[in-house]
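1. Got a predicted structure here, sequence first:
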Amino acid sequence: MYINKAILYGNLTRDPELKALPSGAKVVEFGMATNRVYKDKDGNNKEEAEFHNIVSFGRQAEVIAQYLKKGSPIFLEGRIRTRNWEAKDGTGKRYKTEIVIDRFQFGPRPAGGGVGSFTGKARPDVSAGGELKDSGEVIQYPEEDIKPEDIPF
């Protein structure tokens, strides 16, 4: 068995472009940057960026196009694919290597903004272990001590 798996965490370098295939299926393409920090031979910290082409299909593509934009963090798993085609200007074959997403997670949002943040009036104080219901009352959850031996795996 062979394995083709890519796991990346980084930021979008451009806004996602949502398109429709002739079959009607949705496809989104965007760029992503990852970086690594290392020490050079003199002991100085160096940072190196890699840029990736990312593709996703179906409902996942629609969600990405709706909620992510340039600069948004994303964690993704996928497979590496290289496409090739003949250039229209007759200069030969063209190649594009990209990551096709299998699954993804949104990265952390900055405090005070972003999708899912509270945008109404000032939020009432809710103590830890409580959550505000739609009616305005607080649900109190019992405090629990979880012991490692209680975890079934």
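-> Looks like it came in fine. Residues are numbered from 1 along each chain as shown.
2. residue boundaries of the helices in the chain?
-> 58-67 (DSSP state H).
3. List the contacts of Ala6.
-> Leu76, Glu77, Gly78, Arg79, Ile80, Ile99 (CB atoms under 8 Å, 6 or more residues apart in numbering). (Each C-beta comes from the backbone N, C-alpha and C, glycine too.)
4. does the second one really touch Phe104, like I thought?
-> Yes: under the contact definition of CB atoms under 8 Å, Glu77 touches Phe104, with a separation of 7.3 Å.
5. Counting neighbours around each, name which of these two comes out higher.
-> Phe104 (18 against 14; other CB atoms under 10 Å).
6. So what's the residue count around the spatially closest residue to that one that is not a sequence neighbour?
-> Sequence neighbours aside, Leu76 is the residue nearest to Phe104 in space, at 4.1 Å (criterion: CB to CB, 6 or more residues apart in numbering). By the measure other CB under 10 Å, the count of residues near Leu76 is 23.
7. quick one on the thing from earlier: same list (the contacts of Ala6) but as TSV, adding pLDDT and distance to Gly31.
-> Listed next are the contacts of Ala6 as TSV, based on pLDDT from 0 to 100; distance: CB to CB, whole Å:
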residue	pLDDT	distance to Gly31
Leu76	96	13
Glu77	97	18
Gly78	97	14
Arg79	97	18
Ile80	97	15
Ile99	97	11
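8. now, which of these sits nearest Phe51?
-> Distance to Phe51 across the contacts of Ala6 (CB to CB) is lowest for Ile99, with 11.3 Å.
9. Which strand residues bridge Lys19?
-> When assigned by DSSP bridges, Lys19 has beta-bridge partners Val27.
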